[in-house]
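K.L.:
just a sequence and a predicted model for now, questions to come.
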Amino acid sequence: MSDFTPQEMMVSVASREIRDGDLVFVGMRLPILAYAVARNSHAPTARGLFEVGLMRDQPASAFLGTMGDPPNVVGALWATRMSNVMALMTQGNVDLGFIGGAEVDRFGNLNTSYVGDPAHPSVKLPGSGGGADIAILSRRWVTLMTHEKRRLVERVSYVTSPGYGDGTPGWRKRNGLLGGGPSAIITTLGVFRFPEGGGEAMVESVHPGHTLDEVREHTGWDLHVADGVSETSAPTEAELTAIRQFDPEGFWTR
Amino acid sequence: MSDFTPQEMMVSVASREIRDGDLVFVGMRLPILAYAVARNSHAPTARGLFEVGLMRDQPASAFLGTMGDPPNVVGALWATRMSNVMALMTQGNVDLGFIGGAEVDRFGNLNTSYVGDPAHPSVKLPGSGGGADIAILSRRWVTLMTHEKRRLVERVSYVTSPGYGDGTPGWRKRNGLLGGGPSAIITTLGVFRFPEGGGEAMVESVHPGHTLDEVREHTGWDLHVADGVSETSAPTEAELTAIRQFDPEGFWTR
Amino acid sequence: MSMAEAIARFVPDGSTVAMGTALEALIPFAAGHELIRQTRRNLNLVGPISDALFDQLIGAGCVRRVTAAWLGNVSEGLGHCYRRACEQAIPHAIEVRDHSNFSISLALWAAAWSVPYLPARTLLGSDILRTNPDVSVAGDLVHVNAVRPDVAIVHVQRADAEGRAHAWGPLGITEEAGLAADHVIVTCEELVDSDVTLSDPNRILLPESKVIAVVHEPGGSHPSPVQGYFKRDHGVYRNYAERSRSREGFEAWLRECVLDMPDRAAYMERIDVESLRIKNHRPSEPADFGDE
Amino acid sequence: MSMAEAIARFVPDGSTVAMGTALEALIPFAAGHELIRQTRRNLNLVGPISDALFDQLIGAGCVRRVTAAWLGNVSEGLGHCYRRACEQAIPHAIEVRDHSNFSISLALWAAAWSVPYLPARTLLGSDILRTNPDVSVAGDLVHVNAVRPDVAIVHVQRADAEGRAHAWGPLGITEEAGLAADHVIVTCEELVDSDVTLSDPNRILLPESKVIAVVHEPGGSHPSPVQGYFKRDHGVYRNYAERSRSREGFEAWLRECVLDMPDRAAYMERIDVESLRIKNHRPSEPADFGDE
C-alpha cells in the first residue's frame, strides 16, 4: 500500500459517502476532489451542484482553485443563478452536501462565524456561505475537519450551520428544518457517524496509523464509541490515482 | 384631412398619452400601434416593456398579431422573464401602462373577468392577464374601449383591475396600491380624463364627427363634463401614415 | 420518446399541468392535442395567459380546474369553450382560480422555493382577492399561495436526449414553472447532440434532473410562433375562433384537427409549413466558454 | 466613461454597494481599487461571498457595514483585514450583517419585487437569526428583509455603450442584485457594437434602464477569472493572504498594488497577462433569432 497524506485519507473516505445517482452539493477544496474520485469509481451517475449556479456530471478536466474557475463551466449541464440551485435543495433534490467547518460539536452543529462573543469576537471566521443552507436543506451532509481539540468542542459557541441542535430527539423537525441533518464528521484521525434520526456523533472508525486514544485526546467531548469500531480502510490505489490526477500539485492534499 | 376609422382615432389619441422618455408597459392591439406612432413622432426616446418578458426601443419592423411574435424579439433590448419585467413595475419604473377592458366605470375600475355572479356568470371574460398588475403598479395608465352603454357602466360588477375604487379620496393609498391610477379612458367617441389624484372620469374631448349628446347617450353614468370640453384633434397625416405602416391590412384598425 | 408515450406515462388523469408558460410563443399544442386524444380528464391547467390551447382542452372535456391569469384567443378575443363551460357547464362545469400574470409567476416561485406563499404588491383592490382562495390580503401586501404543477410541458427550439433544452426569445414564466413542477416534459423542434446544448450551459432552460421526457416534435407548437423556426399562424387562430363559436362547430373542428389525427406528423401534413417557416436567419453572436 | 469618473459620480460615501455577485468569477476588483483610491468611506458592502475584494476595502478603511454570507479568501482561507476590523477595530470597527448564500439572494429578490421581506426555508436553527436583525423567525419560516443596494457594480465579458451587458458562466446572485439596485455600473472586458449585444437579447443581463455607466476595463476583475478571457490568478490570492496577515504587510500591499497605481492600465502592466489569458476558444452554438 502506498503512502498517503491525511487529506488524501479524508478525501477517499468522503468519496465513499457519495452514492451512485446522488445529487451532491459540492463544496470547495477536499469535497470537490471527493466528488471527482466517486464519479470515477463507484458513483458514475452522480451529479454535482455548485452554489455559484452550476450543475455538472463529469468532474472538471483541470485543477480548480474555486468552483467558479473556468474549467468548472466547460461541460456544465446548467449554468444558472444561485437561487435556482437553492430551489432544488429546498425541494429535497439534494441527496448529500459537504460543508467545511472551523468548529463542530458532538451534535454536529457547525460554527464558521465567531469564536467568542459575536459583538467582540476573539476570532471572526468567514461566515456561512452556503453552509447554513446545506445544513438545513440537504437530505444528509458531511463535514470534513482537521482533528483538533479546539475544533471538536462540547458545544459550539455560535451555530452557523445547525446539525442536531441540542441533541434532543426531533430537534430539527421541531424547528422546521426540512433536511435530514449530518451523517458523518470526517477528520484527519477518523470518522464519526451520527445515529439514524440524529443525536450524538459516535466514533465509527479510526484512520490507519492512528489510535482511539489519540482520537479521544484530541476531541473536546467525552467520546462515545460505536460497537465494533474499526480501522478506516485506507485509500485504494485507484482512489489515490484519481486524487492526484485532480490535485496534481497537492494544492489541497499536501 | 383624410378619412380615418374610429380605431385610428383611438390609436392617435393613445399615442399622445406617451411622453418622450416614458417606459411604457405596452398591451396588445391598439396600444402596440400607439407606441409605434409615438416613437415615430413626439417620443423618440420612449421604451416599451412587454409582459412576455421584453424591452424594446424601436417598434417591431413587421406586423404583430401578438407581443410574442418573432418580429417583436428582433432588436429587443432585453429578453427575460415576466417576473423581471414586473419587478421594474413594482419599483415605479413604468411611467405609463395600457389596459384593454370589457367594462369600465366612472372611477376607472375595469372588469375583464365576469359579467354577473362570478359563481354563475352570464359572461366569462378572459381575465386579468397583466391588467391588474398594470392598474395597481404603473405610475399612470390608460384604457381603450368601444363606447357602448353596456361597457361604460355606473359600477363594474367585478373589479379585475382597480382604478380609483369607490372614488373616495385616497382610496388607492388606503388600499396599498403603489401606482398612480388611470389618467384617461379613450373610447370610439371621445376621451375621458381623471382629475389629478383620482376620482371620477370627466369628458375632456369628443372625437370629430361625434357629439356630447351621443357620448351621454352611450355612457352608463351621469356624465360630468370638463369646462371647455373640446373636439379631439383628428389624427395627423403623419400619425395615419405610421398607423397604416404598422397595421397595413387594418387587422386592428379597420 | 414519442408524444403518445410521454403523455400516457407522465400525465395521468387529475394532473396539475403547466403549459403555455412563454405566453403567445412556444405553446405545446401537440402535447395538448395528445392529451385530448388520450381523453385525459380532471386536469388542473396552470399558465399565465392561454392562447387557444386551454380553450381547446376545456371544450374537449379534459379540464376540472384552470389556474391562470387570462384564457382566450389573443388575436381574436374570447374563448368560446371557456365561456360555455363557465356559463352553461358545457361540456361540464370547471373551477376557475383567477390570477394576474404577476401573481401566477409568484405562485410558481413560491413552489420552486418550497414556501407556502410569497408576499406581493399586486392584486390589492382587485376582486380576484374575493374569488380566488389562493390569494389573500395581509396588511398592504397580498399573500400568493404556492402552486406546484405535477408536470410542466415546455416546447423549445432544441434539446438533447438527456433533457438539456435551449429556448430563446421571451420566456414568460417558463423557468419558475419548470422549477416548481415535480417533472418537466420537453418537446422540441430539433433533437440535437449534447455538444450543442453543452456548448452554452447558460441557455439550458432547466436542470436535467427535472426532465422526465424529451419528445422530438417538429411544429409541435403550431399555430404559435417559434423564434427562428416558425411564424405565428394568425389564420388558424381566426379560423378556430369562428368554428368554436358554437359547440357543434367546435366538435367538428376537434374531430377534424385533433381526434382524426393519428399524431402530429399527420397534422403537420395539412399545414402550409413553407409559408410559416422563418427563412431569414439571425444567428446570435457566440459567447466564448474557453477555459484554459 | 472612465472608472474614475464612474466611481466619482455614482458611488458617494455611505453608498450601499453590491459587488462580487457572481461569487468567485467576474469580481469587479478594478472598481473596488478605484473606490480605495478615491478614499470612499462608510460603504455598506453587499455580496454573497467575497473573495478578497471586501477584505481589501475593509483594510483600506472604506467600509462601515458588510451584508454578506462569507468574507475571506476562497483558496487561502480567512480574511485578515476582516478579522482585524472585527476583532481589534483596525482600522476601525465595522458592522456585520451575516447571511447565508440563499438568504442574501432572497433579500435582493425582495427588494427587486418591492416587498419588505420574502419567506424562506433556510436559516432555521442558525444563530444568524440571533445576530442579524434583518432576518427573523415566523413559525416554521424565516422572514428575510429586503436589501436594496444603491448601486450594483458588475464586471462582464462584453457590453455596448448603451449598457447592454452580456455575461456568461454561473452568475450567482447578479441578476437579483442588479434588479434590486437603484443603478448598475457595468465594467467590461470588451466594449462592443450594439449589433453584438442585440443579436442575443436573452443574454442581456439587466435592463439598460438600470445601467448608469459602462466602463471599458480590460482585466478589470483580475485576479478573479473571466470565462473565455482570463484564468484565475491563484498566486495573487496566495500572495495577498500572506502580505495581509499583518497590518503593515497589508499597507505595503495596498500602497504598491492600489494607491501607487494611477489606474487599471498601470496595474495590468505589472501582471503576466499572457500566462493568464485563455487561449482555447469554445464558442457557443448560435441561437437563430430569425423572425420572417
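P.N.:
The structure has been received and is ready for your questions. Numbering: from 1, shown residues only, chains lettered A, B, ... in the order given.
K.L.:
what residues are up against residue 176?
P.N.:
Here I'm looking at chain A. The contact partners of A:Gly176, taken as Cβ atoms under 8 Å, 6 or more residues apart in numbering or on different chains, are D:Arg121, D:Leu124, D:Gly139, D:Asp140, D:Leu141. In short, each C-beta sits where N, CA and C put it, glycine included.
K.L.:
correction: the question concerned chain C.
P.N.:
Per Cβ under 8 Å, 6+ apart, neighbours of C:Glu176: B:Arg81, B:Ser83, C:Ser105, C:Leu108, C:Trp109, C:Ala112.
K.L.:
what would those residues look like in JSON lines with neighbour count, secondary structure and pLDDT?
P.N.:
Output for those, formatted as JSON lines (neighbours: other Cβ atoms under 10 Å in any protein chain shown; DSSP: H, G, I helix; E, B strand; the rest coil; pLDDT from 0 to 100):
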{"residue": "B:Arg81", "neighbour count": "22", "secondary structure": "strand", "pLDDT": "98"}
{"residue": "B:Ser83", "neighbour count": "22", "secondary structure": "helix", "pLDDT": "98"}
{"residue": "C:Ser105", "neighbour count": "33", "secondary structure": "helix", "pLDDT": "98"}
{"residue": "C:Leu108", "neighbour count": "31", "secondary structure": "helix", "pLDDT": "98"}
{"residue": "C:Trp109", "neighbour count": "27", "secondary structure": "helix", "pLDDT": "98"}
{"residue": "C:Ala112", "neighbour count": "25", "secondary structure": "helix", "pLDDT": "98"}
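K.L.:
quick one: which of these is nearest C:Asn42?
P.N.:
Using Cβ to Cβ, C:Leu108 comes nearest to C:Asn42 of the contacts of C:Glu176, at 21.0 Å.
K.L.:
how far away is the closest one from B:Leu223?
P.N.:
44 Å (Cβ to Cβ, to the nearest Å).
K.L.:
try C:Gly178
P.N.:
Taking Cβ to Cβ, one finds C:Gly178 at 51 Å from B:Leu223.
K.L.:
also A:Pro71?
P.N.:
For A:Pro71 relative to B:Leu223 (Cβ to Cβ), the value is 72 Å.
K.L.:
next, the buried residues of the strand ranked longest in chain C.
P.N.:
In chain C, assigned by DSSP state E, the strand with the most residues is strand C:63-73. Neighbour-count burial for strand C:63-73 flags C:Val63, C:Arg64, C:Val66, C:Thr67, C:Ala68, C:Ala69, C:Trp70, C:Leu71, C:Gly72, C:Asn73 (criterion: 16 or more other Cβ atoms under 10 Å in any protein chain shown).
K.L.:
equivalent analysis for stretch C:1-11, please.
P.N.:
C:Met3, C:Ala6, C:Ile7, C:Phe10, C:Val11.
K.L.:
I'd like to know how many residues surround the residue lying closest to A:Gly101 once chain neighbours are set aside.
P.N.:
In this structure, A:Gly101 finds its nearest non-sequential neighbour in A:Leu110, 4.0 Å apart by Cβ to Cβ, 6 or more residues apart in numbering or on different chains. Residues contacting A:Leu110 under the criterion other Cβ atoms under 10 Å in any protein chain shown number 30.
K.L.:
helices or strands up against the worst-scoring helix or strand of chain C on mean pLDDT?
P.N.:
Within chain C, no helix or strand scores below strand C:77-78, which has a mean of 94 by mean pLDDT, DSSP states H and E. Contacting strand C:77-78 under the criterion 3 or more Cβ pairs under 8 Å, 6 or more residues apart in numbering or on different chains; DSSP states H and E is no other helix or strand.
K.L.:
from A:Pro162, how far off is the residue nearest to A:Gly101?
P.N.:
With Cβ to Cβ as the criterion, A:Leu110 and A:Pro162 are 8 Å apart.
K.L.:
between these two, what contacts are shared?
P.N.:
Common neighbours of A:Leu110 and A:Pro162 (Cβ under 8 Å, 6+ apart) are A:Ala135.
K.L.:
quick one, what contacts the closest residue to chain D within the stretch 51-200 of chain C?
P.N.:
Going by Cβ to the nearest Cβ, chain D is nearest to C:Asp200 of the stretch 51-200 of chain C, at 3.6 Å. Listed by Cβ under 8 Å, 6+ apart, the contact partners of C:Asp200 are C:His166, C:Ala287, C:Phe289, D:Trp168, D:Ser284, D:Glu285, D:Ala287.
K.L.:
likewise for A:Asn72?
P.N.:
A:Phe50, A:Leu54, A:Arg56, A:Ala60, A:Leu64.
K.L.:
can you check C:Arg247 too?
P.N.:
By Cβ under 8 Å, 6+ apart, the contact set of C:Arg247 is C:Gly59, C:Arg84, C:Ile90.
K.L.:
re the thing from before, include secondary structure and distance to A:His207 when you put the buried residues of stretch C:1-11 into JSON lines, please.
P.N.:
Listed next are the buried residues of stretch C:1-11 as JSON lines, based on DSSP: H, G, I helix; E, B strand; the rest coil; distance: Cβ to Cβ, whole Å:
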{"residue": "C:Met3", "secondary structure": "helix", "distance to A:His207": "55"}
{"residue": "C:Ala6", "secondary structure": "helix", "distance to A:His207": "50"}
{"residue": "C:Ile7", "secondary structure": "helix", "distance to A:His207": "54"}
{"residue": "C:Phe10", "secondary structure": "helix", "distance to A:His207": "47"}
{"residue": "C:Val11", "secondary structure": "coil", "distance to A:His207": "51"}
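K.L.:
closest to A:Arg39 out of those residues?
P.N.:
Nearest to A:Arg39 among these, with distances taken as Cβ to Cβ, is C:Phe10, at 28.5 Å.
K.L.:
show the contacting residues for the closest one.
P.N.:
C:Phe10 neighbours (Cβ under 8 Å, 6+ apart): C:Val151, C:His183, C:Ile185, C:Ile212, C:Ala213.
K.L.:
how would you label residue 35: helix, strand or coil?
P.N.:
Since no chain was named, I'll use chain A. Of the three states, A:Tyr35 takes helix under DSSP: H, G, I helix; E, B strand; the rest coil.
K.L.:
try chain C instead
P.N.:
On the basis of three-state DSSP, C:Leu35 is classed as helix.
K.L.:
any idea how far the residue in the stretch 1-150 of chain A positioned nearest to chain B lies from A:Gly53?
P.N.:
In the stretch 1-150 of chain A, the residue found nearest to chain B is A:Arg81; the distance is 10.9 Å by Cβ to the nearest Cβ. Using Cβ to Cβ, A:Arg81 is found at 5 Å from A:Gly53.
K.L.:
tell me the residues that contact both of those two, please.
P.N.:
The contact lists of A:Arg81 and A:Gly53 share D:Leu171, D:Gly172, where a contact means Cβ under 8 Å, 6+ apart.
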